[in-house]
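*Asks:* Output the structure for:
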Amino acid sequence: MSIEPSPAIGTKLLFENEHVRVWDLVLEPGESSGIHRHHHDFVFAYVTEDNELEVRVPGEPARPTSAQDGYVSATTIGAGDDPRLTHELVNVGTTRHRQILVETLTGKVREDGPAETENNGLGRDQWAEAGGA
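*Replies:* Coordinates of the predicted model:
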């Protein structure tokens, strides 16, 4: 059975206008964001204690990530057909995880290729290291 991805990529919508959408994402230990799909370029920043998370893409092995407060990651979705854009984030650690995520709703950094991610190096992000979303 296939699960339809949610359009909600955070746990609470904080702000939206014609240019940006800002989400709060809070996951207690053991909680999941649920399967969701990214349709827009986005940036997120961790405002959290050190944590242990997994990014889970349907049909692929889970990818562990851990980062500290202040970790920032930016993803351009490219053509938007990268299967990694559909995933869930699971808190597999023992502390609360919180991040703020901003989607850009107007324009795209680039229109072709797979999703690409860059970060500020304040964590171990095997997802970004693999070029993922």
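*Asks:* Tell me who's in contact with residue 113.
*Replies:* Applying CB atoms under 8 Å, 6 or more residues apart in numbering, one finds that residue 113 lies in contact with 78, 79. Bear in mind the C-beta positions are built from the backbone N, C-alpha and C, glycine included.
*Asks:* one more time with 6 Å
*Replies:* Counting by CB atoms under 6 Å, 6 or more residues apart in numbering, residue 113 makes contact with residue 78.
*Asks:* For it, what is the enclosing helix or strand?
*Replies:* Under the criterion DSSP states H and E, no helix or strand holds residue 113.
*Asks:* avg pLDDT for stretch 55-70?
*Replies:* What stretch 55-70 shows for mean pLDDT is 91.
*Asks:* CA atoms only: put that stretch into CSV for me.
*Replies:* The C-alpha coordinates for stretch 55-70 follow below in CSV (Å, rounded to 0.1, in the frame of the first residue of the first chain):
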residue,chain,number,x,y,z
VAL,A,55,15.8,10.6,7.3
ARG,A,56,13.7,7.8,5.8
VAL,A,57,12.9,7.6,2.1
PRO,A,58,10.4,5.0,1.1
GLY,A,59,12.3,2.0,-0.3
GLU,A,60,15.7,3.1,0.8
PRO,A,61,17.8,2.5,4.0
ALA,A,62,17.4,5.1,6.7
ARG,A,63,20.1,7.8,6.8
PRO,A,64,21.3,8.8,10.2
THR,A,65,21.9,12.5,10.9
SER,A,66,23.0,14.4,14.0
ALA,A,67,23.6,18.1,14.4
GLN,A,68,23.9,20.8,16.9
ASP,A,69,22.0,24.0,17.6
GLY,A,70,22.7,26.4,14.8
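*Asks:* Go through that stretch and flag the buried ones.
*Replies:* Buried positions in stretch 55-70, judged by neighbour count with 16 or more other CB atoms under 10 Å: 55, 56, 57, 63, 65, 66, 67.
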